Structure formats: C-alpha cells, structure tokens
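Chemist: Would you be able to build a 3D model of this:
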Amino acid sequence: MFTSRVLLLISLLCPLACTLSQTKPAFEWVDGAKQSPDYRFKITTDRDPPIYHVGEKVTFSLSATHKGQPIDGKEVKWSITNDGTHPALQEGKVVLKNGQAEFSGSLNQPGFLQCVVIPGESVLGAKAGAAIDPLEIKPSLPAPGDFDAFWDAQKKLVKENPANVKITPVKSPVDGVECFDVQAQCPEGAHFSAYMARPVGAKPGTLAAIVCTQGAGVASSRLSVVAGWAKDGLLALDFNVHGLPNGQPQAFYSDLYKGPLKGYFVKNPDSRETLFGRVMYHRLLRALEIVTSQPEWNGKQLIVHGRSQGGGQAIAAAGLDPRVTLMCAQIPVFCDNTGMILGRSSGSHGIVAIDEKGVPNPKALEAVRYYDGTNWATRTKAEGFFTVGFIDTSCPPTGIYAVYNIWPNKKDILSFPRWGHIAAPEGDEAVRKKVLAHIGRTPEEISAAVAKKDTKK
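Modeler: Numbers count the residues shown, from 1 in each chain. Below is the predicted model:
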C-alpha cells in the first residue's frame, strides 16, 4: 500500500487486504461547518481502526473543549445513521460532563455507521464513521438487462460521429514537456475540449497514456495536470466535462456555474437518455479515442484517473474500453446509485429525489442504473485502485466498497476513517506511485521522482 503515513493491514477483521490510513485532518467538522480555534470537538471509536462485524456494538466517544478546558454542563445533539441516511438509527440530546459523552449503535447489515454531534444550535460539531464488515457489502441491484446494448449503441454513436480533432501547441508550464490544446466534436452537437502533453522528443510507440477526468464543477481543462504526468514520462490528456474553451478567466467559468450550468449534474433525471452523464461519457469516450490515436502511445498501457465525479468517470472508462489497464478512482461518485432501496446510502449524488414518504423517484431510479459503477466493475479487465473516506456524505463509503468488492482483477483500496469528501494528499501520492509502478518504474526511480517533486513545492 502506498502512503507517507503508517498504514494498518486489517487482516483479522477482513478476509481480503484492506488498508487504513491513520492520518488525522487538521480539523473536525460537520459538512459545511467551520471549526472555531477556541473550540475542539472530537469523536473517537472504541476500536482503532474502526472496523466491526454486523451486530457488534460500536461506541463513539466525544471530547469537547473550550480554550483547552473541558466543556461542562452544555447540551449537545447527536445522531447515529446508516452512512448518513435519514431517519437516524438513534438520536438524542445529552449534557456534557467534564467535556465527555458517549453514544453507541450497531448495524444489522454490512455498511457504515456515522455519528454526528452538534452542540446546541451552533454550527460547530464533529463527525466519525465506523465500517461494518465492509468487504461483505454487495451491490443493491444487478445491471439492467439491456445495459450492454445501451452502451454499445453509445459507443457506436461516438465512433461514427466525426471527431474533427484540432491540436494546437501551447506554452508548457514545465521544461522538457510539450503541451497542446485539443478541440474536437462529439455526437449531437456537443463539443470536446482538452489539454494534452508529452515529453519533448518522445518517439512513436514509446509512451504509456493517461486520461485524467475532472471532479464536479465548471472549469478549464488542467494544463498543469497533464504537464506533470508528461514530466513523469507519460502521454497525458485532461478534458473538461462541459466541452468549454480552455484557459479563460475564472469569471468565465464561475458565471456559467452560477447560471446555465448551475445544478447540471442533477438536471433531467428521469431518463437514461437525458442525464448529464450520457454526454459526459461521450466526451470520455472521445478522450480515450484521441489519446490512443497519438503515435507516441505504446499500445500497451492505458490509465484513467480521477476523483469524485472524475472517479466515477474513471470507473466507467475501465468498463467502456477494454484497453484500460489501470483505473484509479479517488472518492468516486456513481457507486451503487440504488442503495436507498436497501435503506442505505446512494452514490447517485442527489439525482434520485426522495419524497416525504421516503420513496425514490422511480424514473430517476431506473435511469441511474445505467451509470452505476457496480455495473462497470464487472465489465473491466483493468487493475483497480480506490480511495474512500468513512465520513464522506457526497460519495458515501458503502457504495464505493460495493464497487471495490466486485472488482474482478487486481485491486487495492486506501481508506481514511477520519476524512470526508476531501482530496487527501496521501491519496494523490498513492495514485502517483501506483501509476509509476504500472508503467515499469522501479521503486528507486519512483522514490527519486517523488523526492524531486516534493523539493519543488
């Protein structure tokens, strides 16, 4: 396993190798809340790492201080949920005694417990998670019967639509690398926009290729990302999911995010044809097509990497293209989108609306099945690498483990028990080491490359 901090091998509690980083964040939080420097709220579990079996009691212990002194006599609200779902499994209020309080719960199925504490009406708080037989988590539904037929039709549509690729040199941010702006067309009038980079003087057939996929939002393609991978000796391409021109002022993208592209991810959820993911995956297919058509690609190693929305795309790429040899997904979305039918979290990121009675929108529920990482996982030949946060409510750990557990090839997962939806530096480092090892760099070469990169920070 790859991390700069100590990793623990969970061999006693899990039948497969599962690593946990014991890295602690610089702060504790409830999503969206700021932690005052005068107050410290921290929740720990009675087991470290926090891995339990179905039905086992999990005890969460809260410590709360103000300017270093225990808080006494103040009331806090607490809840324990099934991976952040509602209603809570247990909840209530308790008065702190010498800055301490305890809460306990259990889960009758494999998954994750999440404990949240909020002091009174304050925005301050803390959160902690516990895994319950995580390697036993299974997908909530199988793939639709026409899943392959639908995506075969989408691949055919992309292939038959003229790409009209235009590649223009741009200034490289680093020495020894040449960079390009890439513009192309996708089906139904959609545009494709990317940056690409390669080492200067690269010969035909000599480079492994990597496609980098972006997280949610509205932004340019990332020149620094492709330049960094090219500096490591790869042919790299990074595309933005909206097909927008690259290198514009930040206000250009911000205005789109606030305006016509606001909430793009959850628009038109009632059909597999109208979900944003369909056009996004058209662009993903075009990205794979363009990078593998470059004469420098060695025809052997094709890597995809992304986090969050990009992680979901990376998983899809591995299922869509059998040439993908390594898939790296950090805190990925679209993992077990239909988890709510089993009363657990969903990886659909708000696409499937839930009514006041707790019933999901049936049309959206059916549509997201065609974009589920659990279905791509069974259709790949690639090696897989995942990262997951135990208190992630954007891309919940239950769904990520549902994908990881059925990944049919060599795989690793790096878990962060105390982290939520955060781009952990340890995760980035692990991905880089995994990629360099995949393309045949020796441990000594990888260490030297990482040290050289760290020196430049």
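Chemist: Just say helix, strand or coil for the spatially closest residue to residue 222 that is not a sequence neighbour.
Modeler: Excluding its sequence neighbours, the residue lying closest to residue 222 (Cβ to Cβ, 6 or more residues apart in numbering) is residue 238, at 4.8 Å. The way it works is simple: take the backbone N, C-alpha and C, and place the C-beta from them, glycine included. Counting by DSSP: H, G, I helix; E, B strand; the rest coil, the backbone at residue 238 sits in strand.
Chemist: Surely residue 44 forms part of a strand?
Modeler: Yes: under three-state DSSP, residue 44 falls within a strand.
Chemist: And what about the residue lying closest to it once chain neighbours are set aside, helix, strand or coil?
Modeler: Using Cβ to Cβ, 6+ apart and skipping residues adjacent in sequence, the residue nearest residue 44 is residue 61, 5.3 Å away. Here residue 61 is recorded as strand under three-state DSSP.
Chemist: residue contacts, residue 61?
Modeler: Applying Cβ atoms under 8 Å, 6 or more residues apart in numbering to residue 61 gives the contacts 43, 44, 45, 46, 100, 101, 102.
Chemist: Now, of the residues you listed, which are buried?
Modeler: 43, 45, 101 (16 or more other Cβ atoms under 10 Å).
Chemist: sorry, back to before: for residue 41, see how far away the residue nearest to residue 44 is.
Modeler: Distance, residue 61 to residue 41, by Cβ to Cβ, to the nearest Å: 12 Å.
Chemist: for residue 286, same thing?
Modeler: From residue 286 to residue 41 the distance is 47 Å (Cβ to Cβ).
Chemist: do the same with residue 134
Modeler: Residue 134 is 26 Å from residue 41, by Cβ to Cβ.
Chemist: that older thread, go ahead and confirm the residue nearest to residue 222 touches residue 224.
Modeler: No: between residue 238 and residue 224 there is no contact under Cβ atoms under 8 Å: 9.2 Å.
Chemist: who has more neighbours, those two?
Modeler: residue 238 (28 against 13; other Cβ atoms under 10 Å).
Chemist: Need the pLDDT of that one.
Modeler: Confidence at residue 238, expressed as pLDDT, is 98.
Chemist: Please, where are all the helices along the protein?
Modeler: Applying DSSP state H to the chain gives helices spanning 147-160, 223-231, 250-258, 276-292, 309-320, 362-368, 373-377, 397-406, 425-438, 443-456.
Chemist: Flag every buried residue along the fifth one.
Modeler: Burial within helix 309-320, assessed by neighbour count using 16+ other Cβ under 10 Å, is assigned to 309, 310, 311, 312, 313, 314, 315, 316, 317, 318, 319, 320.
Chemist: and the gap between the residue nearest to residue 282 when sequence neighbours are not counted and residue 257?
Modeler: Nearest residue to residue 282, sequence neighbours excluded (Cβ to Cβ, 6+ apart): residue 186, at 4.7 Å. Distance of residue 186 to residue 257, given as Cβ to Cβ: 21 Å.
Chemist: try residue 66
Modeler: 38 Å.
Chemist: and the strand with the most length in the chain, which strands flank it?
Modeler: Secondary structure of the chain per DSSP state E: the longest strand is strand 297-307. Here strand 297-307 has these sheet partners by DSSP bridges: strand 207-213 (parallel), strand 326-330 (parallel).
Chemist: Just name the most buried of those strands.
Modeler: strand 326-330 (a mean of 30; mean count of other Cβ atoms under 10 Å).
Chemist: State the mean pLDDT of that one.
Modeler: Averaged over strand 326-330, pLDDT sits at 98.
Chemist: contacts for it?
Modeler: So strand 326-330 is contacted by 301-308, 310-312, 314-315, 317-318, 373, 380, 382-387, 423-424, 427-428, 431, 434-435, 438 (Cβ under 8 Å, 6+ apart).
Chemist: From those residues, keep the buried residues only.
Modeler: Buried, going by 16+ other Cβ under 10 Å: 301-308, 310-312, 314-315, 317-318, 373, 380, 382-387, 424, 427, 431, 434-435, 438, out of the contacts of strand 326-330.
Chemist: where in this protein is pLDDT low?
Modeler: By pLDDT under 70, the low-scoring segments of the chain are 1-37, 120-124, 443, 446-457.
Chemist: Mark out where each domain of it begins and ends.
Modeler: 27-136, 147-456 (automatic domain parsing).
Chemist: okay, those, which one's buried deepest?
Modeler: domain 147-456 comes out most buried of the domains of the chain by mean count of other Cβ under 10 Å, with a mean of 20.
Chemist: how far does it sit from the chain's center?
Modeler: 9 Å (Cα atoms, centre = their mean, to the nearest Å).
Chemist: From here on, call the first residue 53.
Modeler: Right, with 53 as the first residue, what we last looked at is domain 199-508.
Chemist: sorry, back to before: next one: the residue nearest to residue 334 relative to residue 113, how far apart?
Modeler: 52 Å.
Chemist: Fine by me, we can end here.
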